[in-house]
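> have a look; sequence and predicted model below, questions after that.
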Amino acid sequence: MKKILIRLIPENIYQALETAANDAERSLEGHARYILTQSVESQKNISGGERYQQEITERLNKILPIVNKVRKEPPLTPAKLAELLGHQDALAAENWFTGNGVPGFIDLNNLSELLGCCAEWLKFGERVPFPMSSQSRINWKGGNAEDVDALLAPDSKGNPVTFIRIIRLTNNAGNILILREFKNTLSTDFFYTNLHLSEEIGNGGFHDLADFLVILKKLYSRYIKGDFFVKSYDLSENDLSHYYREGHCHPQYLIEHCCQESVWWEDIWHAEMLERRGQNGYYFWKGDKALIDRLHDYLMEKKRLKSDEKLEMDRLGLLG
């Protein structure tokens, strides 16, 4: 026989256990042992269907509060989800969340859309609730307009982009991540790019960054005339790991609670703005000046950056 010592039992639980032990005419220890044994044995005896139902209920109750933390509208409830799914009443949906029913695959697929989570995770427990896309090269066309088109492409359902968030990790590598958000959905497109905004790059990485600055400038020209938003941020590797990789938070939670907003995306390619910022020996973070200056020298030599005068004409709508 083995024995365990259980500490820090809440007072109300302890009192309920004591009352139940008295009613069953058992000692407190004996009744606790009985409840523990029954719990373990009942798990052994449940059917496959019951186990799947329990797993679905656990995942639904895990994902709903996570999603409600990033929703701008009033919180979702099982009843509201039922209405959004087109149900005539809330009974089935309420039962899903209490372990008394299980949604079919069509409802689970639709729930994953409404909650912005991975359908494979919700249905089968595979992957994670909000997986990243695979690493994506954003300069396939060498910084041409097609690369900006790709960033602004709608999602698989045709929902247009509403927000592009460009994130630089504050690690030595300076990884660049992008989060794309879309209209009418909590689903996002979150991915590592091929870029490292730091000195830890080779010749190929340098030319990728040169393309990146050109892409940012072209994106800015679209942004000032478009109906979408763009912001840039700094994010620590620790916060990304703790809240997203381990905590499985929604990517928008990272933006709201972990990222530090910075204007670097709209200034890093702008010579005049850099001149104003570079008085302290760096532009945006310590050690960035030499790299950014080299990028500008290269781009000016290749005549790849649109002049500030042409950009101002873009802003005023004087160019087609």
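Noted; the coordinates are in hand.

> look up how far residue 170 lies from residue 25.
63 Å (C-beta to C-beta, to the nearest Å). Just so you know, the C-beta spots here come from the backbone N, C-alpha and C atoms, and that holds for glycine as well.

> name the nearest residue to the residue nearest to the spatial centre of the chain, ignoring sequence neighbours.
By C-alpha atoms, centre = their mean, the chain has its centre lying nearest to residue 251, at 1.6 Å. Computed as C-beta to C-beta, 6 or more residues apart in numbering, the closest residue to residue 251 that is not its neighbour in sequence is residue 190, at 4.6 Å.

> wait, doesn't that neighbour sit right on residue 133?
Yes: counting by C-beta atoms under 8 Å, residue 133 is a contact partner of residue 190 at 6.5 Å.

> and residue 25 and residue 170? Which one has more around it.
Under the criterion of other C-beta atoms under 10 Å, the comparison of residue 25 against residue 170 puts residue 170 first, with 17 against 8.

> list the contacts of that one.
234, 235, 236, 237, 285 (C-beta atoms under 8 Å, 6 or more residues apart in numbering).

> using the three-state scheme, assign residue 192.
Three-state assignment for residue 192 (DSSP: H, G, I helix; E, B strand; the rest coil): strand.

> that one against residue 137, yeah?
No: between residue 192 and residue 137 there is no contact under C-beta under 8 Å: 10.4 Å.

> more crowded one of these two?
residue 192 (16 against 12).

> can you pull out the strands in the stretch 101-250 of the chain?
161-169, 175-182, 188-196, 229-235 (DSSP state E, counting those that start in this stretch).

> and those: which comes nearest residue 6?
Closest of the strands of the stretch 101-250 of the chain to residue 6 is strand 229-235, at 39.7 Å (criterion: C-beta to C-beta).

> what's that closest one packed up against?
Applying 3 or more C-beta pairs under 8 Å, 6 or more residues apart in numbering; DSSP states H and E, one finds that strand 229-235 contacts strand 161-169, helix 203-223, strand 260-262, helix 264-267.

> mean pLDDT and mean neighbour count added to these, as TSV?
Below are those laid out as TSV (pLDDT from 0 to 100; neighbours: other C-beta atoms under 10 Å):
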stretch	mean pLDDT	mean neighbour count
strand 161-169	98	21
helix 203-223	96	19
strand 260-262	98	14
helix 264-267	97	21
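
> and residue 142, which of the ones you listed is closest to it?
So among the helices and strands packed on strand 229-235, helix 203-223 is nearest, using C-beta to C-beta, at 5.7 Å.

> orientation of that closest one relative to strand 188-196 in degrees?
Using axes from the mean of the first three to the mean of the last three C-alpha atoms, to 10 degrees, the direction of helix 203-223 lies 140 degrees away from that of strand 188-196.

> chain center to helix 203-223, what's the gap?
24 Å (C-alpha atoms, centre = their mean, to the nearest Å).

> can you list the low-confidence ranges for the stretch 151-300 of the chain?
Counting by pLDDT under 70, the stretch 151-300 of the chain contains no low-confidence range.

> just the element for residue 296, please.
helix 289-301 (DSSP states H and E).

> packing partners of that helix?
helix 203-223, helix 271-277.

> please redo it, this time with the cut-off set to 7 Å
Where contact means 3 or more C-beta pairs under 7 Å, 6 or more residues apart in numbering; DSSP states H and E, helix 289-301 is packed against helix 203-223.

> for the helix it packs on, give me every contacting residue.
Helix 203-223 has contacts (C-beta atoms under 7 Å, 6 or more residues apart in numbering) with 138-139, 142-143, 145, 147-148, 151-152, 194-197, 201, 230, 265-266, 268-269, 295, 298-299, 304-306, 311, 314.
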